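next input, structure requested:
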Amino acid sequence: MTNLSRVPPLVHHDDVDLFAIMQSLWRQKKRIAVAALMGGAIAFSYVFMATPEYEVSTVLRPVELNDLDALNRSEVYTLPPNSALLRVGAALDSYDARLGYFRAHPDLFAAFGRPGRSLEQAFEDFNRNSLKLVQADPKKPSQLSDYIGLEMSYPQGVKGDEILNGFVQYAIDIERSKVASDLKIIVSNRLSEVNEKLSAARASYEDEKQTQIATLLEGDSLRRAELQDELKALRVQLRAQRESRITQLDEAIAIARSLGLKKPSTPSSMAQNEGAAGNVIRTEVNSQQNPLYFMGTDALEAERSVLSRRASDDFSEPRVAQIHKELALLSANRKVEVLKRRENEDVFLKGIEALRAERVRLSNINLDMQGLKMVTVDRPALQPGSPKTPRKALTIAIGLLLGAMFGVVVAMFRHALATRRTYIPIQASAALAQNSPAGGVQGIKSD
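Predicted coordinates:
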C-alpha cells in the first residue's frame, strides 16, 4: 500500500500568462460582444424610457453704486449694493418666499403635483430636490465680484425659465417692498420726532408768551394802583391846603376888620391916613410881602367864599392831570394786544430753524420704491436645448462599456476555471509518479 501522506502538496504558481489570457479573451470575443450589446441595449432602453430632466440657472450680481445713491443720500436708510444682493439672496433661499411663489402660481407647478399629495407635500419635494442656491466662495480670490446663483431642475413639459425668472422677480419685489416699508416707517418716526420737538418748542413759546403777557398786565395793574394811590394822596393834600387857606383867610379877615381895612391897602397908605407931622420921608420896600389882611375884607371874603364852594381841587395841581394821563395810557396795553393777535406764531419760535429744515427734507423724501434696482440679473434663465439627464450618447456608451467589461470579467473567469481543471490532474499524476519505486503509477491497495 502506498502512503498518501508522502504525496507532496500541490504547487501553486502565481505567474500569469498574459498571452494565454489574451488568446482566451479572443476566443470568447463573441461572448464579450454579446455582453456589450446587452449593456448597450439596457442603456438604450433606459435612455428612451426615462423622463428627461432639464436644468436652468440664473446669476445675480450687485448693482452699481449710483443705482442706490438716491436711497443712501436720504440719510435715513443705508443699503450698500452687496447688502442688497444678500437680501435678495436671503429671499431666494427663504422657505416662506418659495412657498408663497409656489402658491401664487399653481399653473406653473402643476407638473410637480401627484395624486393624493397635498400642496405642501408637493412644494416640499420641489423645494428639496429642484431648487439650489449657489453663492460665491470667499476663499477663492479668482472670483472678481460677489454673485448669487439659483439653479432649478425640472421634468419635461415645465416652463423652467419662466418659473426661475418669475421667482427671482418675486424675491426682488418682496425685498423692494420691505425697503419701501422700512423707509416709510423710519421717515414717519423721524417726522413724528421732529413734530414732537416743534410741539415742545411751541408749548415753550406759548408758556413764555403767557408769562410775558401776565408780567405786562401785572406791571400795568401795579402801576395803575400806584397812580390811583398817588391821586388820592394829592387830593387829600390839596383839600388840606384849601382848608388851611380858608383858615388863614378867616384870620386875615378878622384882622382887616379890626383895622378897618375894607379895600386893599399898604403900610404907607395907612401911615398917611394917621396924619404924621413934620417933614418925614417914608420908604416902602416893595420886595417884602405885605400881610394878608392888607388885602381888605372885601377881597379876603370873596376868596374865602370861592374856596368854600370849590367841589374839586384837581385843577390846582398839574400832577393830577399827569396822573390822569398815565391812567388813560394804562387802560390798554398795546404790547399785550399784539401778542394776543399773533396768528402764525411759528415764525416767532427761536432755535427751530434746523427742525424746520429737517421736516421739509423728510417730507420731500420719495417713498415710492417701485423703480428701485436691488440687483443686476447678470444671466437670466433660458430654456435649455437639451436635457440634463439622461445624456443619450454618454449613457449608451457607458452601457456598452459596462457590458463589455462584464463580458471580459466572465471570459476571464471561464479561462481561470478551465486552467484550474487542467492543472490539478497533471500535478497529482506527477506527484504519484515521483513516489513510485518504478517511477510509474501503481494502484492503491486497500486493507
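
what about the helices in the chain?
In the chain, the helices defined using DSSP state H lie at 18-27, 29-49, 69-72, 81-92, 95-104, 119-129, 160-259, 267-274, 296-309, 318-330, 334-340, 353-363, 392-435.

buried residues in the shortest one, which are they?
Buried residues in helix 69-72, counting neighbours by 16 or more other Cβ atoms under 10 Å, are found at Leu71. Heads up, the C-betas are built off the backbone N, CA and C, glycines and all.

tell me which residues are up against that helix.
Tyr77, Thr78, Leu79, Pro80, Val179, Leu183, Asn366, Met369, Leu372 (Cβ atoms under 8 Å, 6 or more residues apart in numbering).

okay, the helices of the chain in TSV with distance to Gly113 and mean pLDDT next?
Below are the helices of the chain laid out as TSV (distance: least, Cβ to Cβ, whole Å; pLDDT from 0 to 100):
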stretch	distance to Gly113	mean pLDDT
helix 18-27	52	78
helix 29-49	22	77
helix 69-72	41	88
helix 81-92	23	92
helix 95-104	11	91
helix 119-129	5	84
helix 160-259	14	93
helix 267-274	146	68
helix 296-309	124	91
helix 318-330	93	92
helix 334-340	77	91
helix 353-363	50	89
helix 392-435	28	72
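
can you tell me which of those is most buried?
Highest mean neighbour count among those (mean count of other Cβ atoms under 10 Å): helix 81-92, with a mean of 20.

restricting to C-alpha, output that one in PDB.
The C-alpha trace of helix 81-92 is given here as PDB (Å, rounded to 0.1, in the frame of the first residue of the first chain):
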ATOM      1  CA  PRO A  81     -25.100  97.100  -3.200                       C
ATOM      2  CA  ASN A  82     -23.600  94.000  -1.500                       C
ATOM      3  CA  SER A  83     -26.200  94.200   1.300                       C
ATOM      4  CA  ALA A  84     -29.000  94.500  -1.300                       C
ATOM      5  CA  LEU A  85     -27.700  91.400  -3.100                       C
ATOM      6  CA  LEU A  86     -27.600  89.400   0.200                       C
ATOM      7  CA  ARG A  87     -31.100  90.500   1.000                       C
ATOM      8  CA  VAL A  88     -32.400  89.200  -2.300                       C
ATOM      9  CA  GLY A  89     -30.400  86.000  -1.900                       C
ATOM     10  CA  ALA A  90     -31.900  85.500   1.500                       C
ATOM     11  CA  ALA A  91     -35.400  85.900   0.000                       C
ATOM     12  CA  LEU A  92     -34.500  83.400  -2.700                       C
END
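
now it: how far from the chain's centre is it?
Centroid separation for helix 81-92 versus its chain: 17 Å, with Cα atoms, centre = their mean, to the nearest Å.

quick one, that helix and helix 160-259 angle?
120 degrees (axes from the mean of the first three to the mean of the last three Cα atoms, to 10 degrees).

counting contacts, what elements does helix 81-92 pack onto?
Helices and strands touching helix 81-92, by 3 or more Cβ pairs under 8 Å, 6 or more residues apart in numbering; DSSP states H and E, are strand 53-62, strand 131-135, strand 148-155, helix 160-259, strand 375-379.

quick check: the gap between Ser265 and Gly296.
6 Å (Cβ to Cβ, to the nearest Å).

quick revisit: and of the contacts of helix 69-72, the nearest to Leu401?
Comparing those against Leu401 with Cβ to Cβ picks out Pro80 as the nearest, at 52.8 Å.
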